[in-house]
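Visitor: Here is a sequence together with a model predicted from it:
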Amino acid sequence: MTGAALSAQPDYRRRARLSRLGRAAVILAGSLVLALYVLAPVAWLVSSSFQTEKEIVSVPPHWLPHEPTARNFKAIFLAGEEKVTYETRKTTDASSGGYIPPTAQNLLPAMGNSFLVATIVVILNLLVGTPAAYAMSKIRYWGRDGSVYFILLTRVVPDIALIVPFFLVIRKLGLLDTRLSLVITYLAVTIPFTVFILLQYFDGLPDELDKAARVDGCSRFQALTKVFLPLAMPSLVAVVLFTFLTSWNEFLFALMFTQTIASQTLPIMVASFTSDFTISFSFINAAGVVAIVPPVIVAVVFERYIVSGLTAGAVKG
């Protein structure tokens, strides 16, 4: 081997190593930019919840509070100890950060309503959507393809177009200003997605599993619960996350169907903090921090199932 060939080999390895380092640097830079873009609003939300109004509107803004205060969180969790009336709030300087909306004590009850409604919707979604998806996937019947397309068609209609029909039905049933009205409407929105996701996952499982279970003496229900549900766990977790977050964050239906704290949910209550004489941005941000805690906990608990569940059914065979 000539000297020129020997010298060319190190150059090739050097170029290949530089190329790998360049790709890694580009990926790292892109990941950092994306992480900054996603996490910066959350970081500002948390930071500003501990700031006063004067600090929040300061120019330039600062990410770390100079005089951190937990008064907003105390007003949320110790509601009822301090009476807020028109006489006390009209003399309050909002820029001092001392203003607390009079409806602050309603935040935790509204949070309880949101959690109760979301939990019921998740349970009913699994009870209704899972057998429906299994039946549509493993039981051949006339009109199966048409029923699948019909389910998908229901998700094409925007939610705002359903407000009037839903309102007339809820009013006829006498369920206005109740949490049950939200459960009914949220089920209509989430069940089609649940059936579609689980249907795609069940279609990706071999039909021989169902036939073998039937040969071994399992009923349809036993085949579903003992064979398919354990295999469909990632998809079920994806359904739980989607359903819970949809119910937790939904605003339009809750705005139309609820009027009192007995049934109002968290998004409605947070929005009501902006409709008083004075707006406290620090308190609203503190309420936002409290509002994101349950979804974050749910996402962390089921983190290892999220990616596999969301891609369930994408590849068959």
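Guide: Thanks, I have the structure now.
Visitor: When you work out contacts or count neighbours from here on, use the C-alpha atoms and nothing else.
Guide: Noted.
Visitor: and the residue nearest to the spatial centre of the chain, what pLDDT?
Guide: Central residue of the chain (Cα atoms, centre = their mean): Leu245, 2.7 Å from the mean position. pLDDT recorded at Leu245 is 90.
Visitor: Is it inside a helix or a strand, and which specific one?
Guide: In the assignment (DSSP states H and E), Leu245 maps to helix 233-249.
Visitor: Ser19 now?
Guide: Counting by DSSP H and E, Ser19 is part of helix 3-48.
Visitor: Which other helices and strands does that helix contact?
Guide: helix 281-301 (3 or more Cα pairs under 8 Å, 6 or more residues apart in numbering; DSSP states H and E).
Visitor: picking up where we left off before, what's the mean pLDDT across the helix or strand that comes right after the helix holding Ser19?
Guide: Sequence order places helix 53-56 as the next helix or strand after helix 3-48, per DSSP H and E. Confidence over helix 53-56 (mean pLDDT, whole number) is 80.
Visitor: Low-confidence ranges, the stretch 201-317 of the chain, go.
Guide: 275-278, 305-317 (pLDDT under 70).
Visitor: mind running it again at 90?
Guide: For the stretch 201-317 of the chain, the stretches with pLDDT under 90 are 201-242, 259-262, 269-288, 290, 293-317.
Visitor: now the helix holding Ser19 against helix 281-301, angle please.
Guide: Counting by axes from the mean of the first three to the mean of the last three Cα atoms, to 10 degrees, helix 3-48 lies at 130 degrees to helix 281-301.
Visitor: Please compute how far helix 3-48 lies from its chain's middle.
Guide: Centroid displacement of helix 3-48 relative to its chain, using Cα atoms, centre = their mean, to the nearest Å, is 31 Å.
Visitor: how close does the residue nearest to the centre of the chain get to Gly112?
Guide: 15 Å (Cα to Cα, to the nearest Å).
Visitor: cool, and Ala40?
Guide: Ala40 is 28 Å from Gly112, by Cα to Cα.
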